[in-house]
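Participant: With the sequence up front, the predicted model follows.
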Amino acid sequence: MSKTDRGRFFEDFGVGQVLRHATPRSVTEADQALYIALTGSRFALHSSSVFARALGLPRAPLDDMLVFHLVFGRTVADVSLNAVANLGYADCVFGVPVYPGDDLTAESRVLALRETANGKTGVVWLRSTGTNQRGETVLEYVRWVMVNKRDPAAPAPEPVIPDLPAAVDVARLRVPEGLSLAGYDTELAGSPHLYDDYEIGERIDHLDGMTLEEAEHQMATRLYQNNARVHFNLHAARDSRFGKRIVYGGHVISIARALSFNGLANAFRVAAINGGRHARPTFAGHTIYAWSEVLEKIDLPDRTDVGALRLRTVATKDKPCAEFPFTGPDGKPDPAVVLDLDYTVLMPRR
Amino acid sequence: MSKTDRGRFFEDFGVGQVLRHATPRSVTEADQALYIALTGSRFALHSSSVFARALGLPRAPLDDMLVFHLVFGRTVADVSLNAVANLGYADCVFGVPVYPGDDLTAESRVLALRETANGKTGVVWLRSTGTNQRGETVLEYVRWVMVNKRDPAAPAPEPVIPDLPAAVDVARLRVPEGLSLAGYDTELAGSPHLYDDYEIGERIDHLDGMTLEEAEHQMATRLYQNNARVHFNLHAARDSRFGKRIVYGGHVISIARALSFNGLANAFRVAAINGGRHARPTFAGHTIYAWSEVLEKIDLPDRTDVGALRLRTVATKDKPCAEFPFTGPDGKPDPAVVLDLDYTVLMPRR
Amino acid sequence: MSKTDRGRFFEDFGVGQVLRHATPRSVTEADQALYIALTGSRFALHSSSVFARALGLPRAPLDDMLVFHLVFGRTVADVSLNAVANLGYADCVFGVPVYPGDDLTAESRVLALRETANGKTGVVWLRSTGTNQRGETVLEYVRWVMVNKRDPAAPAPEPVIPDLPAAVDVARLRVPEGLSLAGYDTELAGSPHLYDDYEIGERIDHLDGMTLEEAEHQMATRLYQNNARVHFNLHAARDSRFGKRIVYGGHVISIARALSFNGLANAFRVAAINGGRHARPTFAGHTIYAWSEVLEKIDLPDRTDVGALRLRTVATKDKPCAEFPFTGPDGKPDPAVVLDLDYTVLMPRR
């Protein structure tokens, strides 16, 4: 029996199957410091324990997207080593905050399966859950990927299609326990603009650009122990369609979130990801820009001090966002767009 | 009202104005480890808590220049996003040591203003102060920058010029409280040469060279949460005067300080920066070399175990320093020189 | 007297001499996080304190090869600044595990000396020892290097040749104190294959490839405070035989060990390095692949729950290892091979 793992093929998945992922991970201050060094994140809550304690939290929690990547990273070896495409995310909810000293594990349950028309691949939907050492959920999300079949002649399974919400239910958005915004300092947070100041339909150009380097995206992706081959192997990539390493899409999400500080500095917490699409691959040397649109303003039950903004953040490569690029004049997708992320953040109210 | 911050212009500064900077920062062991990885620092005091405790300190403090960068980084968004040039530093004093677990904030007070002759820009002098969670000063310095005016037609303010010392006053040099050099181990520190062995006018070639990479200077500068655009955006830089990203001058200072270990291994503490000049920009691919000259030997009041050396450290790009390059044979500045730093270090006495 | 250190020459070594190396080093969680980010290590024991405690250890110990590099890094300034070649390692034994919070020092004793035939260089054998703050040995190894003579006319010393074992004696292999494998979870560890499942002569292709970047190997090598010049100075390297910076051979070892997770995920501990050879230099841009062969299965005295596998891991550059490249069809060494490492790991038994 081969000792090495070549990853699961479509035939290896079955509805209801639960995959316990390898490599539990102790989370440390160093993960947060590396995340800051690799992305430029400047959100005060994740940078300062004094700031966090002023809000009733025990210390600075990790950046939410860092938690996403750590959980996601654990799933790759079991879920997507043979993925042809990452098709989407949905119903992604952030649970209890993650602090240095926590220990994370992840598992995934197969929700649905459908062979694709050509019979060579299939789509698998999984719900993945990240859990801390006390068994509390820190994150859950549904993801679907197109996976190669080992044997194109293998019979197609009964197709099962999941029922996924267009956006995370408001009732599932979680405000960290004990959080109180009475001590929120907008000067330290970096912006005077609070929930009340944003309008539905408002669009914000985040102005700055960040150029990606091979060493940076490799280090970020390895920090998450995400071992998807396309990010690391130039020798194999030379014979691939693109001829080079592809940047982990999650790294682009993190860069866009970090850039969004300029315009959304008080979006102190990502509460949910409603959906996301990596419009096209990104490579080292590209400069990422981003803009955001306020899609929805959401009152939270029993909270008058904090509200939720549903946002779309669009990231581009090598194209500033003063004109909010999304579709070209011909109505076709703008080829500079690399990410279209629909997510929900928490922000203090006046 | 725009949600994004384009930085202050000259008209936005007024003498006496106090700017409280955003993003308080918890400092961790990871900042020190990343600093070592990014600069190659080998000073024993910052590398080992056992060494630090032998000198009466509670544990290893952060590298002094790391503290400088963390404080400086906080000021950038408010002070120098629209800076045309960083003109200088003066009167920079290091206060209480910074330890993992400390939480730093920074603020700046506008000391002086002067419009430049062409009416398009102005010079702003600020005194910036970094403070820990107990309100103790960890660093203060004066910096002056040339900033664009928003409107060239705006009237010039009354010029105010500050009175700055050529060097930090000896009375302000601070030996960390509780420091005792009885347990100082020169073998572990890496050199037998103590304060008594250096002579005024002595010049030291630090021998080694360190090549800069884009990923490294970007990571360092982001670790400090310094968001000056010129360091990160290749897309925009292509149309700039240099056509590429400029390395944060502070990263060059740190590389030069790390190289100076070979010749100054017992300079265990930077106590002050008297002045500094980035002679020209540095880019990825350049190899930094450095040499130092002893400018002054300073007795410290009430201390017979430790003295201060005032040093000039000069860094070059792509030019070894065996001949101490500074001016060319024609008396003009040597074009290889990128940094001329005048600072004061503490060193054990025999 | 020159303040700078140009490194020891052959004449500066004498049999029996003990070198106490500079820069003691506090080890932190950040070293482990950076190691993961720089190498992609996914071994559960080093990633998770919950996993470690289930095995009776107080928390997650550092990756063994990270400990090797930290100790080795300390020796470079005294041993190999003027090394012409790193000739080999032998009798390398890992002692007590290293945990965040430990403080490491290193010293080396000169075992043997022999001038080489041409009279310009000599070979020096040293036994280096890494010690924690309680004086416990964390690592010891013998290394021999060819070093330049300062003066080719200097007389040759009496040659002394050490007696080195072909492999570390089984009695010296150390199972961490308190380790119990009753709570070992193979799913979390990432593989069902235990000691019993491996056969002598079995060969394993680790499948994945990892491309090296300049910023990565420089950061790794600086993290270890290894100051060998050939890794950092492009300006000087341009005039060298290779025209570029050479990747620290230890970084290649770490990449190979990280790749070996796919096939050897339960090799939770490196207990010894019996010998190693860097077959040729590696440069940034190369993609490292690896394969392993089981050389020996070793019963450990008084342990029925854990056994030792003696492995050869071979790393190549830009050549996948499905065919286990080592020698070419002509019997000559395969020019893609960069590393041939003979080492011993611990693995749970059924």
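Facilitator: Nice, I can see it. Residues are numbered from 1 along each chain as shown, chains lettered A, B, ... in the order given.
Participant: Following element in sequence after the worst-scoring helix or strand of chain A on mean pLDDT, please.
Facilitator: The helix or strand of chain A with the poorest confidence is strand A:83-94; it has a mean of 91 (mean pLDDT, DSSP states H and E). Per DSSP states H and E, the first helix or strand lying C-terminal to strand A:83-94 is strand A:103-115.
Participant: Helix or strand next in line after that following strand, which one?
Facilitator: Note on strand A:103-115: by DSSP H and E, the next helix or strand toward the C-terminus is strand A:121-131.
Participant: follow-up on the earlier one: how about the least confident helix or strand of chain A: buried residues?
Facilitator: Using 16 or more other C-beta atoms under 10 Å in any protein chain shown as the test for burial, strand A:83-94 gives A:83, A:86, A:88, A:89, A:90, A:91, A:92, A:93, A:94. For glycine as for every other residue, the C-beta is placed from the backbone atoms N, C-alpha and C.
Participant: what do you get for stretch A:179-199?
Facilitator: Within stretch A:179-199, judged by 16+ other C-beta under 10 Å, the buried ones are A:179, A:181, A:184, A:188, A:189, A:190, A:191, A:193, A:194, A:195, A:198.
Participant: ok, that stretch near chain B or not?
Facilitator: Yes: in terms of C-beta under 8 Å from any C-beta of the partner chain, part of stretch A:179-199 sits within range of chain B, namely A:187, A:188, A:189, A:190, A:191, A:193, A:197, A:198.
Participant: What mean pLDDT does that stretch get?
Facilitator: Across stretch A:179-199, the average pLDDT comes to 97.
Participant: can you give me the strands in chain A?
Facilitator: Assignment of strands within chain A using DSSP state E yields the ranges A:18-20, A:25-26, A:83-94, A:103-115, A:121-131, A:137-148, A:203-205, A:210-211, A:269-278, A:287-299, A:306-317, A:337-348.
Participant: can I get those strands in TSV with distance to residue C:33?
Facilitator: Output for the strands of chain A, formatted as TSV (distance: least, C-beta to C-beta, whole Å):
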stretch	distance to residue C:33
strand A:18-20	24
strand A:25-26	9
strand A:83-94	22
strand A:103-115	14
strand A:121-131	18
strand A:137-148	18
strand A:203-205	33
strand A:210-211	22
strand A:269-278	22
strand A:287-299	24
strand A:306-317	26
strand A:337-348	26
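Participant: The least confident helix or strand of chain A near chain C anywhere?
Facilitator: No: applying C-beta under 8 Å from any C-beta, one finds strand A:83-94 separated from chain C by no less than 15.3 Å.
Participant: now stretch A:124-138
Facilitator: Yes: against chain C, stretch A:124-138 shows contacts by C-beta under 8 Å from any C-beta at residue A:133.
Participant: Around chain B, pick out the residues from the stretch 151-300 of chain A.
Facilitator: Checking the stretch 151-300 of chain A against chain B by C-beta under 8 Å from any C-beta, the hits are A:187-191, A:193, A:197-198, A:202, A:204-211, A:213-216, A:219, A:262-265, A:285, A:287, A:289.
Participant: can you pull the pLDDT of the residue of the stretch 251-350 of chain A found nearest chain C?
Facilitator: The stretch 251-350 of chain A approaches chain C most closely through residue A:284 (9.4 Å), counting by C-beta to the nearest C-beta. With respect to pLDDT, residue A:284 scores 98.
Participant: Excluding sequence neighbours, find me the nearest residue to it.
Facilitator: residue A:214 (4.2 Å; C-beta to C-beta, 6 or more residues apart in numbering or on different chains).
Participant: Now the top helix by length along chain A: average pLDDT?
Facilitator: Ranked by number of residues, the top helix in chain A under DSSP state H is helix A:64-79. Mean pLDDT, helix A:64-79: 97.
Participant: tilt between that helix and strand A:269-278?
Facilitator: 50 degrees (axes from the mean of the first three to the mean of the last three C-alpha atoms, to 10 degrees).
Participant: ok, and does helix A:64-79 reach over to chain C?
Facilitator: Yes: Helix A:64-79 comes into contact with chain C (C-beta under 8 Å from any C-beta), by way of residue A:77.
Participant: That helix vs chain B: in contact?
Facilitator: No: figure legend: helix A:64-79 not in contact with chain B (C-beta under 8 Å from any C-beta); closest approach 13.0 Å.
Participant: returning to that earlier point: so, if you compare the residues of stretch A:179-199 next to chain B, which one comes nearest to chain B?
Facilitator: residue A:190 (3.3 Å).
Participant: Test my guess that the closest one contacts residue A:265.
Facilitator: Yes: with contact defined as C-beta atoms under 8 Å, residue A:190 reaches residue A:265; the gap is 3.8 Å.
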